[in-house]
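Chemist: A predicted structure for the sequence below; I have some questions about it.
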Amino acid sequence: MRKNTHFFVFALLASIIFGCSDDGENYKPSYLPSIDATALPAENKPMTMFEDNEDPSIMYNKADRWFRVNEPFQVILKGKDSVQVSLYSPVGLTDVKVYAKLANYDKKFLLFNFSKVPAFHRSFHKIPLTEQKNDYLLETGNTVTIDKIDGFSSGAIEFFIESEDPLFKKIKKIKSTHLVQFHDGYHINELGKFLPMNPALAKEAITMIINYSYALSHPLYYDTFINFDRYKQEQATTAGTAINGALNWHGNAEDVDGVYDYYSKEEIEKIYWNYLDKRTVWMAMVGGDSAWGGGNLASQWESGYVTGHWLGEMSVWSHEYSHHIGFSHSSNLANSGEGGGQQEMLTHFYKYLIYLNDLPFTDPEVLKTYAKTAYVKGTYKKPVFTINPKNPFLLKYKGEGKWN
Ligand SMILES: [Zn+2]
């Protein structure tokens, strides 16, 4: 479509008057230049979050470090005239477009165009609207000219992120809106049962929770979770045995008559979405006898963060996350016994996604934490993933099922 319309938005006191004309054929818009966040001047205060040697108290500051798993590229209004841009990802992005929408103007326009954003980047940017009158590209392809606006109160400007970067497109499919933070209270109050983390481990935890949230959001996972009875039946048929343990999701242990109180289809659907809701998860690390989860807490071992998740060993994490969602050991949503519940199924599924290369991050080399001997207590080597030929998802889908 031709960009044949040119709009003007005038800011007068607190109100904006909108007008348009059809002289766009002759108007030559002058857009702001794109921004390379790998080469910013000092005034943008560029930094890398979670540098290995960063003071861990910064990552435990919940006001400074938080993100939603479906929005690892985060734009937050700071003061009245600036934004803070943060990327919670071990891999950078290219061609990130930040669109803005004003409370009293219904079209989104391109505010910032980042040609490159490096991994775990943070910087600060003056909102160009607050500096002078500028032309902006509308989402529709037209141009808008907006007068200088002195500043914005919270809610007066909204930001929307778009990118054609393949990694961004994957992340955009995540349906979970869980908010991720790190909490130091566990190891401060119960040192030994829990251990302090450091930024090198936090980067692995962030990588894992984005991958895990993608896996939970995946259509194949939804289909298997909603039809767990079918999954159990197929598993038994393939093995040539009777169904082992519970036939479907249940909330209690087997009762005296060998009967579980299976959830209805409606309840199972609701439970699925509880796993993907907007609650806050505090990621922590255990050091004692067992991992723990419940309330905001979900924890696991250093080895799970450093190498386990790259190999698809997600059983412990799935178990603790299910406690965080609210299930106890009496349910096969948080118990691997009685023929295997969600832990076993999720782990098989997660490994199948690694096999398909259908997770946002599948290369442990992006962090190389296994080699950071100064930041880990265990001894590790590079995780090398292989799939078990008897993986039930491999047997059923035979390389198909990638989320396009
Ligand atoms: Zn447990």
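Modeler: Great, that's in hand. Residues are numbered from 1 along each chain as shown.
Chemist: which stretches of the stretch 1-150 of the chain form helices?
Modeler: Under the criterion DSSP state H, counting those that start in this stretch, the stretch 1-150 of the chain contains helices at 56-59.
Chemist: quick one, what contacts the closest residue to Leu40 other than its chain neighbours?
Modeler: In space, and not counting its chain neighbours, Leu40 is closest to Pro46: 4.2 Å by Cβ to Cβ, 6 or more residues apart in numbering. All C-beta atoms are positioned from the backbone trio N, CA, C, and that covers glycine. With contact taken as Cβ atoms under 8 Å, 6 or more residues apart in numbering, Pro46 is in contact with 37, 40, 121-123.
Chemist: buried members of those into PyMOL, please.
Modeler: Buried subset of the contacts of Pro46, written as a PyMOL selection, criterion 16 or more other Cβ atoms under 10 Å:
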select buried, resi 37+40+121+122+123
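Chemist: narrow the contacts of Pro46 to those in strands?
Modeler: 121-123 (DSSP state E).
Chemist: make a markdown table out of those and add pLDDT and distance to Gln74.
Modeler: Putting these into a markdown table (pLDDT from 0 to 100; distance: Cβ to Cβ, whole Å) gives the following:
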| residue | pLDDT | distance to Gln74 |
| --- | --- | --- |
| His121 | 98 | 11 |
| Arg122 | 98 | 9 |
| Ser123 | 98 | 12 |
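Chemist: can you get me the start-to-end distance on stretch 333-346?
Modeler: Terminal residues of stretch 333-346 are spaced 10 Å apart (Cα to Cα, to the nearest Å).
Chemist: where does the prediction get shaky in the stretch 301-404 of the chain?
Modeler: 338 (pLDDT under 70).
Chemist: mind redoing it with 90?
Modeler: Filtered on pLDDT under 90, the stretch 301-404 of the chain yields the residue ranges 335-340, 404.
Chemist: could you pull out the strands in it for me?
Modeler: Taking DSSP state E, counting those that start in this stretch as the criterion, the stretch 301-404 of the chain carries no strands.
Chemist: same check on the stretch 51-200 of the chain?
Modeler: Using DSSP E, counting those that start in this stretch, strands in the stretch 51-200 of the chain cover 67-68, 73-78, 82-87, 93-102, 109-117, 121-126, 134-137, 143-146, 157-163, 179-182, 194-195.
Chemist: using TSV, lay out those strands together with distance to Asn211.
Modeler: Below are the strands of the stretch 51-200 of the chain laid out as TSV (distance: least, Cβ to Cβ, whole Å):
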stretch	distance to Asn211
strand 67-68	14
strand 73-78	16
strand 82-87	16
strand 93-102	16
strand 109-117	19
strand 121-126	20
strand 134-137	34
strand 143-146	38
strand 157-163	19
strand 179-182	13
strand 194-195	22
